[in-house]
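Asks: Provided below for reference: sequence and predicted model.
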Amino acid sequence: MANSRNVQARIWAHYGRESVVIHPPVDTQFFRLDPHRARESYFLYVGQLTSYKRPEDLVALARAGFTPLKVVGTGGAARRVQRSAQGYPIEFLGRVDDHQLRWLLQGARGLLFPGLEDFGMVPVEAMACGTPVVALDEGGARETVVPGMTGTRYGEGQFDTAFGVFCEMESDFDANQIRAHAEQFGRERFRSEFSTVLTAESPYLHHLNPAISSDGSRVAFQCGNDSWEENSICEASTDGSSFRVLLAPGDGLSSTGETWTLHNPDYSPDGGIVFAANWDGDDIWRLPPGSSEAAPVRAEHWWPCVLPNGSIAAVNEDSSGGQGLTDLHVNVMTADGRSSMTVVTIKNTKEVIGGLGCGE
């Protein structure tokens, strides 16, 4: 898999191998338009001040007219760029948190993107905020920045031309149209495309609750033709080259297991898989690495999530209070399930919904 057509071309050039392009996921829910945030006159740069991002070009862009300019980021070239920027209306902000970054993007006249990136997340984050992008006409920007619609692209060294073209097009930029273009790079699209590649060899309709191995080479998930009943635990390689069913509902007991389901797998540090199954009530099970037989870990728990030290967080319920109300407990247990402690209790709930979100 490649994160852009730019990288796809390099894979072919260097390795002679075909690849599938899946653009990275951008949080277009967080980075969004704010109707109460007025556009200001400043331009914005966001990124590390390191050589491959061409931060020196920021001064040239400022000289061409892209001012005032706010610079977000730090790096080894920071002092050199700051010295070159003396006498120009350029403000160096250093690091900012995500909310400050969103506020800056929402108010900017435009984002400057002088570097050559494989893909480039920041331009898409800016466009998700309705902000046009002025980008070097190289790399991933060719796939995300649409001249005349979401911004402009300029040739290397053509800074004066870039400013002139931006000024000519600026009145035609529409924040809602820019935002709509960015939404195609959102997280839901990524999940769908990534799942399609990983499960190309799967015979099932549904692939749910994925978890990735510590080395990034495998993904485990529940799979089945129903969104819940009779689900198995499946595994695929992250390059899409292999798919297999690790455990099926009928593997747990001697009966047919027609209504049993296995769900919410997660990898343990040793490469084994912890999951929940209703073979004998809602219990936590573990499939050791290289084994085809699961072993019980803890009864009356579900939604397991393996922590970095190998311990397991899971949910169980206590309905002893009566009146149709249930207390939900989030318990953390040892890897073998022999001891546990309650870390969170949600009292008097009528429904058991959701889970810990591990692996999602």
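Replies: Cool, got the structure. Numbering: from 1, shown residues only.

Asks: may I see the buried residues of stretch 338-348?
Replies: By neighbour count on 16 or more other Cβ atoms under 10 Å, the buried set for stretch 338-348 is S340. The way it works is simple: take the backbone N, C-alpha and C, and place the C-beta from them, glycine included.

Asks: with stretch 24-36 instead?
Replies: Along stretch 24-36, these residues count as buried under the neighbour rule (16+ other Cβ under 10 Å): 25-28, 31-32.

Asks: kindly report the same for stretch 192-209.
Replies: Using 16+ other Cβ under 10 Å, the residues of stretch 192-209 that count as buried are 193-195, 198-199, 202, 204, 207-209.

Asks: what sits up against that stretch?
Replies: Outside stretch 192-209, the residues that touch it by Cβ atoms under 8 Å, 6 or more residues apart in numbering are 1, 20, 22, 210, 219, 221-227, 231-232, 234, 236-238, 240, 242-243, 263-265, 359-360.

Asks: ok now that stretch, how far from the chain's centre?
Replies: Distance of stretch 192-209 from the chain centroid (Cα atoms, centre = their mean, to the nearest Å) equals 17 Å.

Asks: so for that stretch, what's the average pLDDT?
Replies: When pLDDT is averaged over stretch 192-209, the result is 86.

Asks: may I have that stretch exported as PDB, CA atoms only?
Replies: The C-alpha trace of stretch 192-209 is given here as PDB (Å, rounded to 0.1, in the frame of the first residue of the first chain):
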ATOM      1  CA  SER A 192     -13.500   1.700   4.300                       C
ATOM      2  CA  GLU A 193     -10.600   1.600   1.800                       C
ATOM      3  CA  PHE A 194      -8.200   0.000   4.300                       C
ATOM      4  CA  SER A 195     -10.700  -2.700   5.200                       C
ATOM      5  CA  THR A 196     -11.400  -3.400   1.600                       C
ATOM      6  CA  VAL A 197      -7.700  -4.100   0.900                       C
ATOM      7  CA  LEU A 198      -7.200  -6.200   4.100                       C
ATOM      8  CA  THR A 199     -10.300  -8.300   3.500                       C
ATOM      9  CA  ALA A 200     -10.100  -8.800  -0.200                       C
ATOM     10  CA  GLU A 201      -9.800 -12.600   0.300                       C
ATOM     11  CA  SER A 202     -12.500 -12.800   3.000                       C
ATOM     12  CA  PRO A 203     -15.800 -14.700   2.300                       C
ATOM     13  CA  TYR A 204     -17.600 -12.600   4.900                       C
ATOM     14  CA  LEU A 205     -19.800  -9.500   4.700                       C
ATOM     15  CA  HIS A 206     -18.800  -7.900   8.000                       C
ATOM     16  CA  HIS A 207     -15.400  -7.100   9.400                       C
ATOM     17  CA  LEU A 208     -15.500  -5.400  12.800                       C
ATOM     18  CA  ASN A 209     -13.500  -4.200  15.800                       C
END
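
Asks: look at the spatially closest residue to R179 that is not a sequence neighbour and give its secondary structure.
Replies: In space, R179 comes closest to G130 once its chain neighbours are excluded; the distance is 4.9 Å by Cβ to Cβ, 6 or more residues apart in numbering. Reducing the assignment to helix, strand or coil with DSSP: H, G, I helix; E, B strand; the rest coil, the entry for G130 is coil.

Asks: looks like G130 contacts N176 (just checking).
Replies: Yes. Judged on Cβ atoms under 8 Å, G130 makes contact with N176 at a distance of 6.8 Å.
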